[in-house]
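Participant: structural data only, the sequence is not supplied:
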């Protein structure tokens with residue numbers, strides 16, 4: 001594909017001399033510390049097998065929970081390892097004590113992981129999934145994802161509302177919820193707040209207990225820069241007690257690894273959601289990168305760094321055909337979305353030039369992380385000059 005193949009484009013965009021990765025909202029580059037940790041463990045697995053793996057198993061899981069407990073300012077007992085956000089939300093949706101006619105509120109443009117589990121319950125249990133309307137961003141196509149208003153959520157709440165299920169950051173527009181404000185609303189109405197933090201964890205400070213979040217899930221391979229195949233699952237104790245067991249296995253039970261003891265004695269901590277063998281090599285890698293980066297630097301610093309990089313890019317952006325979605329400061333996230341009618345074609349052209357950005361829902365998503373440089377942002381702005 002060439003630039004001239006796109007209607008209205010000029011001959012070329014800037015040919016950069018280096019690889020620039022700006023798609024941490026997709027599958028981020030695996031951090032070197034995580035990669036090294038995983039490789040070293042796999043070598044132990046390869047050489048020694050059962051005993052050397054099993055003797056480290058519980059310690060790796062405990063370290064993971066302690067690390068994410070520190071990241072989320074909560075007890076390790078509230079943290080479980082999952083494969084992805086969909087697994088965690090599905091266990092909530094299946095295990096929640098819904099009655100026919102109960103309501104779940106969500107956003108009309110939600111990511112599927114936080115949509116289909118609730119839609120399934122509408123089909124199975126007769127609950128009502130009510131979708132909060134989109135608020136288009138001024139000056140762009142009204143069909144594109146923009147944001148939602150707290151006033152709309154308030155208007156949707158009824159005595160039947162049981163759960164509000166939202167992403168902390170919308171994956172297309174980059175709009176970030178004010179979780180403190182949202183959590184206070186849920187507390188006022190005795191509603192459980194379920195948050196997908198895949199697009200925010202590690203870049204925006206989150207305190208589930210202070211924010212009255214009942215449950216939070218996140219994949220580990222976006223802003224956390226960990227491996228594909230692992231995620232984190234937080235549940236508040238009172239909320240956890242409401243949920244019936246959906247997935248179950250040896251590790252659900254407190255007597256594990258006494259596999260011949262079939263007594264019904266499930267864990268009361270978040271460990272109950274780890275129903276079978278966890279991918280501990282991947283968890284070891286994810287734990288390592290979070291310790292060495294997110295905890296060491298601090299999430300507030302990372303947040304400020306990312307926004308500064310975005311601002312540098314915006315200050316150098318000369319192509320007025322790209323319309324950035326600039327939300328007020330409390331609603332900004334690691335995703336800076338630019339509306340353009342040929343956003344997908346632009347992302348493909350940028351890739352040919354050594355710059356990785358992703359396109360979703362009609363937007364070019366610019367998603368730098370702390371390791372990106374100011375030069376990276378200037379080069380991206382220069383690369384967009386010749387695209388119409």
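Facilitator: Right, received. Where do you want to start? Bear in mind the structure is a predicted one, so any value in this text is a computation, not a measurement.
Participant: contact partners for the spatially most central residue of the chain?
Facilitator: By Cα atoms, centre = their mean, the chain has its centre lying nearest to residue 198, at 0.4 Å. Applying Cβ atoms under 8 Å, 6 or more residues apart in numbering, one finds that residue 198 lies in contact with 85, 111, 113, 167, 171, 217-219, 222, 231. Bear in mind the C-beta positions are built from the backbone N, C-alpha and C, glycine included.
Participant: from residue 155, how far off is the closest residue to residue 157 other than its chain neighbours?
Facilitator: Of all residues not flanking residue 157 in the chain, residue 189 sits nearest, at 5.6 Å (Cβ to Cβ, 6 or more residues apart in numbering). Distance, residue 189 to residue 155, by Cβ to Cβ, to the nearest Å: 12 Å.
Participant: elements contacting the strand or helix carrying residue 365?
Facilitator: Residue 365 is located in strand 363-366, with elements delineated by DSSP states H and E. The contact analysis (3 or more Cβ pairs under 8 Å, 6 or more residues apart in numbering; DSSP states H and E) places strand 363-366 against strand 336-339, helix 343-352, strand 358-360.
Participant: elements contacting the next helix or strand along the chain from the longest one?
Facilitator: Yep, that's helix 343-352 we're talking about. Sequence-wise, the next helix or strand downstream of helix 343-352 (DSSP H and E) is strand 355-356. Judged by 3+ Cβ pairs under 8 Å, 6+ apart, strand 355-356 is in contact with strand 20-21, helix 374-383.
Participant: quick one: which helix or strand includes the residue lying closest to residue 290 once chain neighbours are set aside?
Facilitator: Taking Cβ to Cβ, 6+ apart, and ignoring the residues beside it in sequence, residue 290 has residue 67 as its nearest neighbour in space, at 5.4 Å. Using DSSP H and E, residue 67 maps to helix 50-71.
Participant: neighbouring contacts of the following helix or strand past that helix?
Facilitator: Reading on from helix 50-71 to the C-terminus, the next helix or strand found by DSSP H and E is strand 79-82. Strand 79-82 is contacted by residues 61, 64-65, 68-69, 72, 88, 91, 217, 230-235, 270-274, 278, 283 when judged by Cβ under 8 Å, 6+ apart.
Participant: now stretch 107-117
Facilitator: Outside stretch 107-117, the residues touching it (Cβ under 8 Å, 6+ apart) are 84-86, 89-90, 92-94, 106, 131-134, 145, 148, 165-167, 170-173, 194, 196, 198, 217, 361.
Participant: distance between the ends of stretch 336-354?
Facilitator: Terminal residues of stretch 336-354 lie 19 Å apart, using Cα to Cα, to the nearest Å.
Participant: by contact count, what packs against whichever strand in the chain runs longest?
Facilitator: Longest strand in the chain by number of residues (criterion: DSSP state E): strand 161-167. On a contact count with 3+ Cβ pairs under 8 Å, 6+ apart, strand 161-167 meets strand 103-107, helix 179-189, strand 192-196.
Participant: could you rerun that using 10 Å?
Facilitator: Applying 3 or more Cβ pairs under 10 Å, 6 or more residues apart in numbering; DSSP states H and E, one finds that strand 161-167 contacts helix 85-95, strand 103-107, helix 116-125, strand 128-132, helix 150-156, helix 179-189, strand 192-196.
Participant: so in that sheet, which strands flank it, and in what orientation?
Facilitator: Applying DSSP bridges, strand 161-167 is found paired with strand 103-107 (parallel), strand 192-196 (parallel).
Participant: looking at these, which is buried most?
Facilitator: Most buried of these by mean neighbour count (mean count of other Cβ atoms under 10 Å) is strand 192-196; its value is a mean of 26.
Participant: what average pLDDT does that one get?
Facilitator: Across strand 192-196, pLDDT averages out at 98.
Participant: what do you get for stretch 214-224?
Facilitator: Rounded mean pLDDT across stretch 214-224 is 98.
Participant: return the distance of that stretch from the chain's centre.
Facilitator: With Cα atoms, centre = their mean, to the nearest Å as the basis, stretch 214-224 stands 4 Å off its chain's centre.
Participant: and the spatially closest residue to residue 331 that is not a sequence neighbour, how many neighbours?
Facilitator: Among residues not flanking residue 331 along the chain, residue 176 sits closest, at 4.9 Å (Cβ to Cβ, 6+ apart). For residue 176, the neighbour count with other Cβ atoms under 10 Å is 24.
Participant: re earlier: of the helices and strands packed on strand 355-356, which approaches residue 119 most closely?
Facilitator: Closest approach to residue 119 among those (Cβ to Cβ): strand 20-21, 34.0 Å.
Participant: partner strands of that closest one, with direction?
Facilitator: Here strand 20-21 is paired, per DSSP bridges, with strand 355-356 (parallel).
Participant: what residues does the strand it pairs with touch?
Facilitator: The contact list for strand 355-356 (Cβ atoms under 10 Å, 6 or more residues apart in numbering) reads 13-14, 16, 18-24, 26, 29, 347, 349-350, 366-367, 376, 379-380, 383-384.
Participant: buried ones among those?
Facilitator: Neighbour-count burial (16 or more other Cβ atoms under 10 Å) applied to these gives 13-14, 16, 20-24, 26, 347, 349-350, 366-367, 376, 379-380, 383-384.
Participant: on that earlier part again, state the distance from the residue nearest to residue 290 to residue 287.
Facilitator: Distance from residue 67 to residue 287, by Cβ to Cβ: 5 Å.
Participant: ok, the two, which is more surrounded?
Facilitator: Between residue 67 and residue 287, counting by other Cβ under 10 Å, residue 287 is the more crowded of the two (26 against 22).
Participant: which of the contacts of residue 198 sits closest to residue 36?
Facilitator: Using Cβ to Cβ, those come closest to residue 36 at residue 222, 20.0 Å.
Participant: thank you kindly, that will do.
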